[in-house]
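*Asks:* Output the structure for:
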Amino acid sequence: ILDHAKIVFGFGRGLGEGETLQLLRKVAKKYNAEIVGTKAVYDDGLIEKNRQVGQSGITIAPLIYVAFGISGASQHMVGVMNAKRIIAINIDPTAPIIRFSNEVIIEDCKNVLQNLDKLKIDTN
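*Replies:* Next up is the predicted model:
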């Protein structure tokens, strides 16, 4: 299913857990996006192995990859470099993922997800 995904939301430890992770799942569903994660969140038991992206996981090539709270370690970036557009959302303006991204939002992931959740979209 990830082979045909147009929009993929990736998350790392910078996203947090609990309420923010549930909000990510809700927003991903709204935008028909698949969810993947880093090795760290796989190690934490937050995603399945078949959704771990990177050197020790899978490689993806969506039209849009939105990285929530991902530092951008080279081991992860190797798995997303075939994405047409990479959008990084991170509170750290020096995170390595910034230099690999087409667009960058320096903001708390929870705030961005709350705004995406509020937007009205036309799915037709």
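
*Asks:* wait, isn't I98 in contact with A88?
*Replies:* Yes: between I98 and A88 there is a contact at 5.8 Å, judged by CB atoms under 8 Å. All C-beta spots, glycine's among them, are computed from the backbone N, C-alpha and C.

*Asks:* list residues touching both of those two?
*Replies:* Counting by CB atoms under 8 Å, 6 or more residues apart in numbering, the residues touching both I98 and A88 are G72, V104.

*Asks:* higher neighbour count, the two?
*Replies:* The residue with more neighbours, out of I98 and A88, is A88; 26 against 16, by other CB atoms under 10 Å.

*Asks:* packing partners for the helix or strand where the more buried one lies?
*Replies:* A88 is part of strand 85-90, with elements assigned from DSSP states H and E. Under the contact criterion of 3 or more CB pairs under 8 Å, 6 or more residues apart in numbering; DSSP states H and E, strand 85-90 touches strand 64-68, strand 103-106, helix 109-118.

*Asks:* who's V53 bridged to?
*Replies:* Note on V53: beta-bridge partners by DSSP bridges are I58.

*Asks:* re the thing from before, possible to save the helices and strands packed on strand 85-90 as JSON lines with distance to Q75?
*Replies:* Putting the helices and strands packed on strand 85-90 into JSON lines (distance: least, CB to CB, whole Å) gives the following:
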{"stretch": "strand 64-68", "distance to Q75": "14"}
{"stretch": "strand 103-106", "distance to Q75": "21"}
{"stretch": "helix 109-118", "distance to Q75": "21"}
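
*Asks:* and E19, which of these is closest to it?
*Replies:* Nearest to E19 among the helices and strands packed on strand 85-90 is helix 109-118; the distance by CB to CB comes to 7.8 Å.

*Asks:* where does the chain dip in pLDDT?
*Replies:* By pLDDT under 70, the low-scoring segments of the chain are 1, 122-124.
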